[in-house]
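1. okay, here's the prediction I keep looking at, along with the sequence it came from:
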Amino acid sequence: MQLKDDKYILLKTPTGITGLDDLTQGGIPKGRPTLVCGSAGCGKTLLAMQFLMNGITKYNENGVFMSFEESSDDLRTNVSSLGFDIEKLKEERKLVIEHVRVERSQLEQTGEYDLDGLFIRLGHAIDKIQAKRIVLDTIETLFSCFSNEAVLRSELRRLFNWIKSKGVTAVITAEKGMDSLTRQGLEEYVSDCVIILDNRVIDQVSTRRLRIVKYRGSTHGTNEYPFLIDEEGLSVLPITSLKLDNLVSSEIISTGVPGLNDMFLSGGLYRGSNILISGSAGTSKTTIASYFAHEQCKNGEKAIYFAFEESPQQLIRNMRSIGIDLEPHIKKGLLQIHSYRPTLNGLELHLLTLSKLIRDFKPKTVIIDPISNLISIGNPNEVNSMLVRLIDLLKLNNITALFTSLNPYANSDFAEDSISSLVDTWLAVRDVERAGERNRGLFIIKARGLAHSNKVREFIITSSGIKILDIEKGPDGILIGSERSVEPNKID
Amino acid sequence: MVKNSEEEWQLRLYVAGHTPKSIKAIDNLKNYCEQHLSGKYSIEVIDLLKNPQLAEDDQILAIPTLVRKVPEPIRQIIGDLSNEEKVLIGLDIKSFPKPKSTKKLENGG
């Protein structure tokens, strides 16, 4: 048996939609119809349109869009919002838009008929521009126009077979039915690939999801995957398509905090690793994070700082008071500070925003301050999957990441399980209250692959910055604050 | 029989090749027109296999489709036109004018 023969290999047509081609391992079945179903407003037409537009602009495959619902004008408006110029593509003979308008009120039916007119129109449009991709959106509309359902069904079956024989890759959209995938049971005719789109609201957060129900002859991701619609169209964020096989760096980078580097035998942290700083309110998490950003920018590397609690100006002012000036880095284009409230978006949108900024700005360092604010806006499962994907994304790009996490319980070392188990290095900062004074302590809870100190180190913050104090031992252990022989510089 | 007697009825029949359905539709249509519109009609048969680009103008999906272009409003009847009664109603050709349809024709004309 010659399995290498072309006709035995399932060929795929890339959709060009971020993530979807990963899930389907290459795209939708080439030369066959794919059914995209979902309830109203969940992005079916958009997906179909992107498939077509990407075909023209990225893969040099012309396309026919046959719309049974929206008029050409509406479509043009919708597509131009995605940045495609329909008129130009039409002029260049790369795109044909056919608007099929049928009003039942105008139709009288008597005797036998078939839908050859539809076939001829579609065939003519395909032949006119040698189209390789077609979209039928939404063909189910025909069911409200023709009263003879038996004829319609047999004609649809014939249509889908005809599409296969034409060898064009088709996306057919359909409304979700009550107890079937589509309202009119189209899945019966289109059986090669079925994709479901869904929009659900859980805990007041709306998430769009995509699932590949069926893909005959191909393996595919089977889970529900969140997807987003923004100004660039639709993008899917697969979780499992990222594998843990990214390159790791053994390069050591400085934390920027004098004394902290020395707590690691290596003298710093691995590039591309991720670091969590947890601590209760007012334990200098943001200060350490800013030091880190400052240090990377000083070395001429790009960094993004996501500040979910402070505005950029406030952060700059506060850091200036301890001798760190972030402004020159911003002016040089090395540092970006993004401030917004985490509740503004769902988790998925945060992840996408992040991934787009990373793609465009190409930072070497990302700081999220605090990540615990993100964790509070989703349910544990979503948070987990989002964090895994976030960390995968950062690791894949060999970006060093620093997260801060607010610990709501004083005097314990707590960070959400969802994040603390994922990170490579975990630093805790805490207040040590003793004999009428509070002092700050810092220690390393874990550091994967780095030998490190086991001491709780006292540190102070002065107008010239953080200072990690040398260890001074007394008869009962390490001395802190005013117990020291020389009390560190402080304000009473 | 027809209200506006000066107007010629312009009928267009869309077919796709010489299928039994198409032939039947053409025969039926000619038959009805001779009976009810004698001397006041013209029939244009369009074969979409030869002129596929014409399907778009009248939004043709089903074959055969009969389109009444004149008198307005445009009306469509799909199928092989085997039911005479339905075709006459569809085209609004009445040998027994009803008050409602009379009004309609006056407005249309």
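-> Looks like it came in fine.

2. you'd agree residue B:66 is in a strand?
-> Yes. Counting by DSSP: H, G, I helix; E, B strand; the rest coil, residue B:66 is part of a strand.

3. just say helix, strand or coil for the closest residue in space to it that isn't next to it in sequence.
-> Distances taken as Cβ to Cβ, 6 or more residues apart in numbering or on different chains place residue B:77 nearest to residue B:66, at 4.5 Å, with adjacent residues excluded. All C-beta spots, glycine's among them, are computed from the backbone N, C-alpha and C. Following three-state DSSP, residue B:77 is assigned to strand.

4. and stretch A:423-442, what's buried?
-> By neighbour count with 16 or more other Cβ atoms under 10 Å in any protein chain shown, stretch A:423-442 contains the buried residues A:423, A:424, A:425, A:426, A:427, A:428, A:429, A:430, A:439, A:440, A:441, A:442.

5. stretch A:208-223 now?
-> A:208, A:209, A:210, A:211, A:212, A:214, A:215, A:218, A:220, A:221.

6. tell me the least confident of the residues you listed?
-> The lowest pLDDT within these belongs to residue A:221, which sits at 75.

7. let me see the ranges of the helices in chain B.
-> Under the criterion DSSP state H, chain B contains helices at B:20-36, B:84-91, B:99-108.

8. so what's the spatially most central residue of chain A up against?
-> Closest residue to the average C-alpha location of chain A: residue A:352 at 3.4 Å, with Cα atoms, centre = their mean. Residues in contact with residue A:352 (Cβ atoms under 8 Å, 6 or more residues apart in numbering or on different chains) are A:228, A:230, A:235, A:237.

9. make sure it is indeed in a helix.
-> Yes. Per three-state DSSP, residue A:352 lies within a helix segment.

10. so for it, what's the pLDDT?
-> 74.

11. measure it to residue A:359 for me?
-> Per Cβ to Cβ, to the nearest Å, residue A:352 is found 10 Å from residue A:359.

12. switch the helices of chain B over to JSON lines; also include distance to residue A:461, mean pLDDT and mean neighbour count.
-> Converted to JSON lines, the helices of chain B look like this (distance: least, Cβ to Cβ, whole Å; pLDDT from 0 to 100; neighbours: other Cβ atoms under 10 Å in any protein chain shown):
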{"stretch": "helix B:20-36", "distance to residue A:461": "89", "mean pLDDT": "90", "mean neighbour count": "17"}
{"stretch": "helix B:84-91", "distance to residue A:461": "88", "mean pLDDT": "84", "mean neighbour count": "17"}
{"stretch": "helix B:99-108", "distance to residue A:461": "87", "mean pLDDT": "45", "mean neighbour count": "11"}
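
13. residue A:328 is nearest to which of the ones you listed?
-> helix B:99-108 (78.4 Å; Cβ to Cβ).

14. what stretches of chain A score poorly on pLDDT?
-> A:1-8, A:104-106, A:202-205, A:238-246, A:343-346, A:378, A:410-415, A:417, A:489-492 (pLDDT under 70).

15. need the contact list for residue 31.
-> Unless you meant another one, I'm taking chain A. Per Cβ under 8 Å, 6+ apart, neighbours of residue A:31: A:11, A:13, A:164, A:167, A:168, A:169.

16. just those now: which is nearest chain B?
-> residue A:168 (16.3 Å; Cβ to the nearest Cβ).

17. my understanding was that that closest one contacts residue A:130; is that so?
-> No. Residue A:168 is not in contact with residue A:130 according to Cβ atoms under 8 Å; the separation is 10.0 Å.

18. who has more neighbours, these two?
-> residue A:168 (24 against 11; other Cβ atoms under 10 Å in any protein chain shown).

19. what bridges to the closest residue to the more buried one other than its chain neighbours?
-> Spatial nearest neighbour of residue A:168, chain neighbours left out: residue A:134 (5.2 Å); criterion: Cβ to Cβ, 6+ apart. According to DSSP bridges, the partner residues bridging residue A:134 are residue A:64, residue A:170.

20. does residue A:134 touch residue A:126 like I think?
-> Yes. Residue A:134 lies in contact with residue A:126 (Cβ under 8 Å); the separation is 6.6 Å.
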